[in-house]
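In: Build me a structure from this.
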Amino acid sequence: MKMGLKGCLSVVGCLAVGWLANTGNAIAAETVVLTYGFLSMDVPVADLEQLVETGETSDDLGDLLTMAGQEPDVLRSTLQQPIPLSPIALDYALNSPPGEWMLDQVSETIHPASGEAGKLALRSALIGASSDDREFTLLEVMQVYPSPEIVVRGDRLVETYNRIHDVLEPLEDLADILGSLEF
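Out: Residues are numbered from 1 along each chain as shown. Next up, the predicted model:
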């Protein structure tokens, strides 16, 4: 089997992401700068984890959502809704023209606070989040995002989830079909 440079780089990229995902989250996001229009607040990732696990908001997160006119259940649902796709299929998808387009769009909603290397960091976080169980949620993406602080536009989060789902969901169906074929 002959593998081109792009295929080799994809395999190396997957291995590097897998290694980073298993190094104890040493460079994972700890704080999310959650914005809704002109409102902005530093929210510990632990507060988002608490929202997803219990449905309860911290006082600060609750206040931000109230001022923004947002329901905590909408944020909770968006953060915990899984998108099934293996890290290898995800890597191939993200290195395709539709995947690159999706990364451009999504990195406007979720990006490092520094503003640098947003697409690369997002690609790494998406693949890292799917490496354990062949699916990912937006909360998992934030948990493994390779930057200590990320900016998340809360007012665009549902739209962003839908954009990711619309691009990647057909690929999971294709992976299921190919996986069921015997060669």
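In: Tell me the helix or strand right after the helix or strand that contains I88.
Out: Using DSSP states H and E, I88 falls within helix 87-94. Heading C-terminal from helix 87-94, the first helix or strand you meet, by DSSP H and E, is helix 97-106.
In: just checking, what packs against that next one?
Out: helix 87-94, helix 118-130, helix 157-180 (3 or more CB pairs under 8 Å, 6 or more residues apart in numbering; DSSP states H and E). Heads up, the C-betas are built off the backbone N, CA and C, glycines and all.
In: For these, give me CSV that also has mean pLDDT.
Out: Converted to CSV, these look like this (pLDDT from 0 to 100):
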stretch, mean pLDDT
helix 87-94, 85
helix 118-130, 91
helix 157-180, 76
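In: among those helices, which is the most enclosed?
Out: Of the helices and strands packed on helix 97-106, the one with the most neighbours on average (mean count of other CB atoms under 10 Å) is helix 118-130, at a mean of 24.
In: so what's the residue positioned nearest the centre of the chain up against?
Out: In the chain, the centroid-proximal residue (CA atoms, centre = their mean) is V141; its distance is 3.2 Å. V141 makes contacts with 110, 122, 125-126, 129, as judged by CB atoms under 8 Å, 6 or more residues apart in numbering.
In: what's the closest non-adjacent residue to M102?
Out: V167 (4.5 Å; CB to CB, 6 or more residues apart in numbering).
In: Check whether the one you found really touches L103, as I assumed.
Out: No. Contact between V167 and L103 fails when scored by CB atoms under 8 Å: they sit 9.6 Å apart.
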